[in-house]
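> what's the 3D shape of this:
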Amino acid sequence: MKNVHFIAIGGSAMHNLAIALKLKNYNVTGSDDEIFNPSKERLEKYGLLPSKIGWDVNNISPEIDEIILGMHARADNPELLKAQELGLKIYSYPEYIYEQTKDKTRVVIGGSHGKTSITSMILHVLNHLGVNHDYMVGAQLEGFECMVKLSKEAKIAVLEGDEYLSSPIDRRPKFHLYQPNIALLSGIAWDHINVFPTFENYVEQFEIFINKIEPNGSIIYFEGDENVKSVSKNTRPDVKQQPYHTPEYSISNGITSVKIEGENYPLEIFGEHNLQNLKGAQLVCNQLAISTSDFYKAIQSFKGASKRLELVKRTPDFAMYKDFAHSPSKLKATTQAVKNQFEDRTLIACMELHTFSSLNKEFLAQYNGAMANADKAFVYFSPKTLAHKKLATITPEEVKKAFGTENVTVYTESETLISDLKAMNWKNKNLLMMSSGNFNGVDFNELANELV
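The predicted model follows:
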């Protein structure tokens, strides 16, 4: 039995990996200086919640076989320093995932947007068809207990390939470490500007990712994105290229159907971006020996990943959705998807500027036109978040100007935004809430019940 210790076990990805290893019968311990729900409750459920909060060098001993270091820890973390002093094997999260899957067929889904959705679609189909597989995905999925599964038996590993940094002492993007046999690229839109200060530097990370594909592997890519197309077509001669596009589809009575090989398949999901993701997922599954017809029969029951155009509440003349969208390209695609799906309804779209990139004064201009498809667009940001991230002050006027459309109203107090939403008549309207945060503690289910 291996002894594995997590430094910063409370993270979304880290605690799921800890649970996966516990389920693999490893002896797992961990520490963190802060742990919030749902991580806290889930760690407690599996007997992995640290007995006390904080770092303690006594957690580190020569008996530990492997250390897994999370991004939340710092390079001067006392437990990390002790582990280094003892010469223990220290892995970043992605390094460890690779180590556990290096003898499997690795599918890695990369891109600035759509990663979680495409990965989730593939997992749904494999699960539905009873195909044994390991996986790592960035959202909780219906029918899956954990966001990570690692086993001895599975021959396939499906991994979401995040381009953010691996650990405090490993500045490589996570997806550079997975070395895929089958890679997919969904889109490239500048993000994480605190790490990749120029667009060219950001694109370069995807070029490196492509070059990490195993010999005689394949790259599946969305040909409607010129940056993706350019990067993917410049891959090595031994790597098979397979472009994809938006499949033929129709919308009737609020239901989207795709037409594949002469057959119509009604879907639970909607929006062109989701349909593009669907096509990419299909091509991946085809390479895993799943037929096109089996894929579409299975995917009809897929309702989406958590916080990816997730339905909060629906009545005959109202629907509320929540979405993780925060970058300009995601806002535009998600807003357009809801508007196109319900053309006869007024769309109220709200988004929160929450990430380092979105709150950066120089990056704001990237949001020009991102909310144009909404009938009314409400943009919220917290001056306290700006201060916490040590960013330059921005004003509501600057934010409105950056978005560039008259439908935008800017809020700096969440309470005022929610109050204005509650004062509206929601008959024949839809509400879309978009953020990687929660609008300063808003309970979306509670809000939906108060609106209708």
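
> angles on the backbone of the closest residue to Ser218 other than its chain neighbours, please.
Nearest non-adjacent residue to Ser218, counting by Cβ to Cβ, 6 or more residues apart in numbering: Lys240, 4.0 Å away. All C-beta atoms are positioned from the backbone trio N, CA, C, and that covers glycine. Here is the backbone geometry of Lys240 (degrees, to the nearest 10): phi -70, psi 130.

> what's the burial count for Lys240?
Per other Cβ atoms under 10 Å, the neighbour tally for Lys240 reads 14.

> what do you get for the one 3 residues further on?
By the other Cβ under 10 Å criterion, the neighbourhood of Pro243 contains 16 residues.

> what's the answer for Asp375, then?
Neighbour tally, Asp375, other Cβ under 10 Å: 13.

> how near is the residue nearest to Ser218 to Asn181?
11 Å (Cβ to Cβ, to the nearest Å).

> repeat that for Ala319.
Going from Ala319 to Asn181 by Cβ to Cβ gives 40 Å.

> ok, Gly161 next?
For Gly161 relative to Asn181 (Cβ to Cβ), the value is 13 Å.

> who's more crowded, these two?
Ranked by neighbour count (other Cβ under 10 Å), Gly161 and Asn181 place Gly161 first, with 27 against 19.

> ignoring the adjacent residues along the chain, who's closest to that one?
Phe175 (3.3 Å).

> now do the contacts for the one you found.
By Cβ atoms under 8 Å, 6 or more residues apart in numbering, the contact list for Phe175 reads Pro94, Val108, Gly110, Gly161, Asp162, Glu163, Gln205, Phe209.

> scan those and report the most crowded one.
Counting neighbours by other Cβ under 10 Å, Gly110 comes out on top of those with 31 neighbours.

> okay, the closest residue to it other than its chain neighbours: pLDDT?
Distances taken as Cβ to Cβ, 6+ apart place Gly161 nearest to Gly110, at 3.9 Å, with adjacent residues excluded. Looking at Gly161, its pLDDT stands at 97.

> pretty sure Gly161 sits against Ser112.
No - the pair Gly161 / Ser112 is not scored as a contact, 11.2 Å apart, by Cβ atoms under 8 Å.

> scan this protein for its longest strand.
Using DSSP state E, we find that the single longest strand of the chain is strand 346-353.

> okay, now the domains of the protein?
3-87, 96-299, 310-451 (automatic domain parsing).

> the last one spans what distance, first to last residue?
Start and end residues of domain 310-451 are separated by 17 Å (Cα to Cα, to the nearest Å).

> reformat the contacts of Phe175 as TSV; add secondary structure.
Output for the contacts of Phe175, formatted as TSV (DSSP: H, G, I helix; E, B strand; the rest coil):
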residue	secondary structure
Pro94	helix
Val108	strand
Gly110	strand
Gly161	strand
Asp162	coil
Glu163	coil
Gln205	helix
Phe209	helix
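
> from those residues, which is closest to Asn440?
For those, the residue nearest Asn440 by Cβ to Cβ is Asp162; the value is 25.6 Å.

> phi and psi next, for the residue lying closest to that closest one once chain neighbours are set aside.
In space, Asp162 comes closest to Lys174 once its chain neighbours are excluded; the distance is 4.6 Å by Cβ to Cβ, 6+ apart. Main-chain torsions, Lys174, degrees, to the nearest 10: phi -50, psi -40.

> distance from the chain centre to stretch 126-144, please.
15 Å (Cα atoms, centre = their mean, to the nearest Å).

> for it, which outside residues touch it?
12-13, 16-17, 97, 100-101, 104, 115-116, 119-120, 123-124, 147-151, 153-160, 162, 285, 288, 290, 294, 298, 301, 303, 305-308, 324.

> start to end distance for it?
End-to-end distance for stretch 126-144, by Cα to Cα: 12 Å.

> and what of stretch 359-369?
Termini of stretch 359-369 sit 17 Å apart (Cα to Cα).
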